[in-house]
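> dropping a prediction and its sequence here:
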Amino acid sequence: MVIYGVALLSFCMLVGVFVGDLLGEAIGVQANVGGVGIAMILLLVLSNFDSRELKLSQITEKGIGFWSAMYIPIVVAMAARQNVFSALSGGWMAIVAGVAAVAASFALIPMLAHFGQGGQNDS
Amino acid sequence: MILESLLRVLSANALITAFMFVGALVWLSYLVSARLTRGQVHGSAIAIALGLVLAWYGGLTTGGNTGLADIPLFAGVGIMGGAMFRDFAIVATAFGADLGALKRAGFVGAISIVVGVVVSFLIGGIVAVSFGYSDPIAVTTIGAGAATYIVGPVTGTALGAGSDVIALSVAAGLTKSVLVMIGTPFIAPRIGLNNPHSALIYGGLMGTTSGVAGGLAATDPKLVPYGAMTATFYTGVGCLLAPSVLYLGVRALL
């Protein structure tokens, strides 16, 4: 049933966000630490069980697949509710700081990617 | 009379209105992509850019802080694009992702998060100093804002920064998030952002969940789970490092 997939997805997200919240409190920061990431790992692990009884049926998978396919429209809605106006009216300093941080981070991707790949070949 | 009841129906069913509106926006964007750019610019990149323009318009006309969603007719866009549905959809994209790729990049992924926080913080701090700020708390708060628009206010509040400085740090973080959304599809071919491995590093370096979610959607949706995985730890790491170690570093230097 489709709802089984949706329920499994909801279960993973709630557990992940809950653990992320506890993690944030444990290390003393006022933020959720990796909740969504933990939820993704949980979903991956639960949906990769190879035993017969736990294998998801195709219809169950549709309940997850639908939300995965809704990703882009949801991101478009997310873009439409960003506080773009205040980002642009924050003054030059805020804009320069944001732009410079992005440029530097982009520039670092090839370097770190190379480092990671190299390590992989060595081992 | 007819218009009034139409508006009433659309507002009363806000989320459904948002589904229809976003669907039309995406359709229009793919049409523009195919006809005007011959597929050169991805339809989703255009849709996200249009969304941001509409968000700017919403902020301009209402003075609110949730973009288009502050216009009552489009309140549903706020629900659909809010953190709850965003995170739900991100988790769903993990279904079918390559667990092996995630495991292999675990170490470099973790490194990229710390490097990402420190580099953005340093750059933000340097910009603040060059614009004449010399108070360590202000410089730290603005540097933290250059990490993400959540790290900025969390750090500023923890250190007791003024509300004007906190507002600036949020603006820096918002600028970063908007730029990552728009810039990623254009820069992706140059920095080799076309495989799970580099997507994990990208997520860790950028860190803004909204920016990464939008940027990868416009580049290659298959990369979303990898980028989102590392990005989701970034804000937490930033909130941990900025008010503590990084603040002490700034205080020692200034």
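Yep, that arrived. Numbers count the residues shown, from 1 in each chain, chains lettered A, B, ... in the order given.

> every contact and neighbour count from this point should use C-alpha atoms.
Fine.

> start to end distance for stretch B:234-250?
In stretch B:234-250, first residue to last residue: 20 Å (CA to CA, to the nearest Å).

> okay, domains of the chain per the record?
This is for chain A. By the assignment in automatic domain parsing, chain A contains the domains A:1-82, A:83-123.

> look at chain B instead
According to automatic domain parsing, the domains of chain B span B:2-81, B:99-253.

> average model confidence for the longest one?
Same thing as domain B:99-253. Domain B:99-253 carries an average pLDDT of 92.

> about what we covered before: so which of the domains of chain A gets nearest residue B:246?
Residue B:246 lies closest, by CA to CA, to one member of the domains of chain A: domain A:1-82, at 14.5 Å.

> work out the gap between that closest one and the centre of the chain.
9 Å (CA atoms, centre = their mean, to the nearest Å).

> same deal with stretch B:244-254?
Worked out by CA atoms, centre = their mean, stretch B:244-254 lies 27 Å from the chain centre.

> got the buried residues for it?
The neighbour-count check on stretch B:244-254 (16 or more other CA atoms under 10 Å in any protein chain shown) flags B:246-247, B:250 as buried.

> of all the domains of chain A, which one is nearest residue B:130?
domain A:83-123 (9.2 Å).

> now the closest one: how far from the chain's centre is it?
18 Å.

> touching chain B at all, that domain?
Yes. Residues of domain A:83-123 are located near chain B by CA under 8 Å from any CA of the partner chain, namely A:83-88, A:90, A:93-102, A:104-110, A:112-113, A:116, A:120.

> quick one: average pLDDT of that domain?
81.

> tell me what the host helix or strand of residue A:113 is packed against?
Using DSSP states H and E, residue A:113 maps to helix A:92-122. Applying 3 or more CA pairs under 8 Å, 6 or more residues apart in numbering or on different chains; DSSP states H and E, we find helix A:92-122 packed against helix A:84-88, helix B:106-130, helix B:136-147, helix B:163-187, helix B:196-206.

> quick one: list the elements packing against the third one.
What it means is helix B:136-147. Going by 3+ CA pairs under 8 Å, 6+ apart, helix B:136-147 lies up against helix A:92-122, helix B:106-130, helix B:151-159, helix B:163-187, helix B:224-241, helix B:247-253.

> what's the most buried one of these?
Of all the helices and strands packed on helix B:136-147, helix B:224-241 has the most neighbours on average by mean count of other CA atoms under 10 Å in any protein chain shown, namely a mean of 28.

> how about it, does it reach chain A?
Yes. Against chain A, helix B:224-241 shows contacts by CA under 8 Å from any CA at B:225, B:228-230, B:232-237, B:239-240.

> take the buried residues of stretch B:244-254 and write them to TSV, including distance to chain A.
Listed next are those as TSV, based on distance: CA to the nearest CA, whole Å:
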residue	distance to chain A
B:246	14
B:247	15
B:250	17
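
> looking at the helices and strands packed on helix B:136-147, spot the one closest to residue B:78.
helix B:163-187 (16.7 Å).

> just want the angle from the closest one to helix B:196-206.
Per axes from the mean of the first three to the mean of the last three CA atoms, to 10 degrees, the angle that helix B:163-187 makes with helix B:196-206 is 160 degrees.

> how far does helix B:163-187 sit from the chain's center?
Per CA atoms, centre = their mean, the centroid offset for helix B:163-187 relative to its chain is 8 Å.

> who does that helix touch, helix- and strand-wise?
Against helix B:163-187 (3+ CA pairs under 8 Å, 6+ apart) you get helix A:84-88, helix A:92-122, helix B:43-62, helix B:136-147, helix B:151-159, helix B:209-219.

> as JSON lines, the ones you listed with distance to residue A:73 would be great.
Below are these laid out as JSON lines (distance: least, CA to CA, whole Å):
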{"stretch": "helix A:84-88", "distance to residue A:73": "19"}
{"stretch": "helix A:92-122", "distance to residue A:73": "24"}
{"stretch": "helix B:43-62", "distance to residue A:73": "8"}
{"stretch": "helix B:136-147", "distance to residue A:73": "26"}
{"stretch": "helix B:151-159", "distance to residue A:73": "27"}
{"stretch": "helix B:209-219", "distance to residue A:73": "10"}
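
> any idea which of these gets closest to residue B:7?
That would be helix B:43-62 among these, by CA to CA, at 17.7 Å.

> show the average pLDDT along whatever helix or strand comes next after the closest one.
Counting by DSSP H and E, the next helix or strand C-terminal to helix B:43-62 is helix B:75-80. For helix B:75-80, the mean pLDDT works out to 96.

> which helix or strand lies directly C-terminal to helix B:75-80?
helix B:83-93.

> how many other residues sit next to residue B:138?
Look at residue B:138: counted by other CA atoms under 10 Å in any protein chain shown, it has 24 neighbours.

> that one and residue B:159 touch, don't they?
No. In this structure residue B:138 lies outside contact range of residue B:159 using CA atoms under 8 Å: 9.1 Å.

> roughly how far apart are residue B:202 and chain A?
Using CA to the nearest CA, to the nearest Å, residue B:202 is found at 6 Å from chain A.

> ugh, wrong one, residue B:252
22 Å.

> cool, residue B:114 as well?
12 Å.

> can you tell me the closest non-neighbouring residue to that residue?
residue B:237 (7.2 Å; CA to CA, 6 or more residues apart in numbering or on different chains).

> same thing with residue B:153?
residue B:166 (5.4 Å).

> for the one you found, give me its contacts.
For residue B:166, the contacting residues are B:141-142, B:152-153, B:156-157, by CA atoms under 8 Å, 6 or more residues apart in numbering or on different chains.

> can you name the two of those that are farthest apart?
Most distant of these, by CA to CA, are B:142 and B:157, 12.0 Å apart.

> looks like residue A:30 contacts residue A:24 (just checking).
Yes. Using CA under 8 Å, residue A:30 is in contact with residue A:24, at 6.4 Å.
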